[in-house]
Structures are given as C-alpha cells and as structure tokens.
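[1] Test case, fold it:
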Amino acid sequence: MPTSKARPATHNDDLLWLLQRIAGLTESEGKGTESDGVVRGIPSNDVLHYISGSHLGIDGTGEITLQLPTTTRNWMLVGMSYNRTAGAGANIAPRVGQVVTFVADSGDDRLTFASQVVADRINSVFASPIPFHVDAAFKAYFRPQYDAGADNTGDYQFWFIQGYETEESS
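    Numbering: from 1, shown residues only. Predicted structure coming up:
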C-alpha cells in the first residue's frame, strides 16, 4: 500500500515520496527480494479484461455471473455486446449489477437498458466508463431480462478496465 508519510523537504526524498504515493512503490527493506520496491500501481496502459460466453435456457429472472480477476474490486465497464440466438422471448431489458441478486434501480444496479426487441443486437461502447465495485468474490452479474419463456439462449461479451482505489476509499 502506498505510504502515508508526510511530504519530505529534500529533492531526492520528495521524488521517492511521489513514487510511493502515485506509482505504489514500497520502501526498500534491503532484503533484495523480488517484491522489494516493486511498482504495484499504475501500468503504462489500461488493464483490459474481456469476458465472453453464452447461456442456455434462461427466463426473465435469470442471472449470469461475470468473473473478474482478483487483482481489485474496482472495474470500469467500457463496452458490451449481447445477441439473443433463440427462445420465446420477444423483448429484453438487460441490466448489469455489482452484487448477486442486486435490486433493480438500486446503487448496485450499475447499467440498465430500456426494453427492446430481441432481434436488435446490443453493441455498446460507452462514452464514459461505468464504475463497478464488484462483490467480495470479484464478480459482476448480468441479467438479460426476457419478457417471456424459459428457453432463451444468447451470446455475450463484456470489456472491463481495471480501476485503482485511493487510500481514503471506504
């Protein structure tokens, strides 16, 4: 975890303080271990995580688990795609939440689409990433929310960017 020491007065100490604070460098303990002084924070490029899959036989209340890496609970959804491939449903109103069995229109309901016909594939890239603080199991949850049938099948894709948490986050 970055240091919480007060900002020092000398230039070299100031530079080290900034690296610890911003880039996540740890103080060297002189042990020469691989983890000694390793950057644990900000990569040069966004860390992108891609999830794809398909589901079979889902009804209007079915929920699909999206497993994210265990590196952080903070993610930003930057795009998604969904295509219904078969089933009795005529309309969908997809939602994505950050905890299992999230309540519609609550703070854990992070993305909601208006009802639309299943023939229209969803291909969305969001102008602003949607922040997620996923549950303790590092999962987000997707509900296609069909209007009819329990035989609906479909394919999905999600693109998440890894987020970073401040020391002061609660």
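
[2] contacts, neighbours, all on C-alpha from now
    Will do.

[3] got a pLDDT number for Thr101?
    At Thr101, the predicted lDDT confidence score is 88.

[4] Would you mind measuring from it to Tyr50?
    22 Å (Cα to Cα, to the nearest Å).

[5] ok, these two, which is more surrounded?
    Counted by other Cα atoms under 10 Å, Thr101 and Tyr50 do not tie: Thr101 has more neighbours, with 15 against 12.

[6] What are the neighbouring residues in contact with that one?
    By Cα atoms under 8 Å, 6 or more residues apart in numbering, Thr101 lies in contact with Glu63.

[7] same check, this time on Ser124
    Residues near Ser124 by Cα under 8 Å, 6+ apart: 79-81.

[8] Please check the residues you listed and keep the buried ones.
    Burial by neighbour count, 16 or more other Cα atoms under 10 Å: within the contacts of Ser124 this picks out 79-80.

[9] Domain boundaries for the protein, per the record?
    The domain map for the chain lists 1-42, 48-162, with the assignment taken from automatic domain parsing.

[10] To Glu168, which of those domains lies closest?
    In this view, the domains of the chain are compared for proximity to Glu168 by Cα to Cα, and domain 1-42 is the closest at 10.6 Å.

[11] Now do the residue found closest to Asp120 once you drop the neighbours it is linked to in the chain against Thr153, distance only.
    Leaving aside its chain neighbours, Asp120 sits nearest to Asn83 (7.7 Å; criterion: Cα to Cα, 6 or more residues apart in numbering). According to Cα to Cα, Asn83 stands 9 Å off from Thr153.

[12] what about the residue nearest to Asp120, helix or strand, and which?
    Asn83 is located in strand 74-86, with elements delineated by DSSP states H and E.

[13] Please identify the next secondary structure element, helix or strand, after that strand.
    Moving toward the C-terminus from strand 74-86, the first helix or strand encountered (DSSP H and E) is strand 91-92.

[14] what residues are up against the residue nearest to Gly97 when sequence neighbours are not counted?
    Distances taken as Cα to Cα, 6+ apart put Asp109 closest to Gly97, at 4.4 Å, once the chain neighbours are dropped. The contact partners of Asp109, by Cα under 8 Å, 6+ apart, come to 95-98, 102-103.

[15] Who wins on neighbours among the residues you listed?
    If you count neighbours using other Cα under 10 Å, the busiest of the contacts of Asp109 is Gly97, which has 29 neighbours.

[16] Okay, and the beta partners of the most centrally placed residue in the chain?
    The chain has Trp75 as the residue nearest its centroid, 3.1 Å off, counting by Cα atoms, centre = their mean. With DSSP bridges applied, the residues forming beta bridges to Trp75 are Phe132, Gln162.
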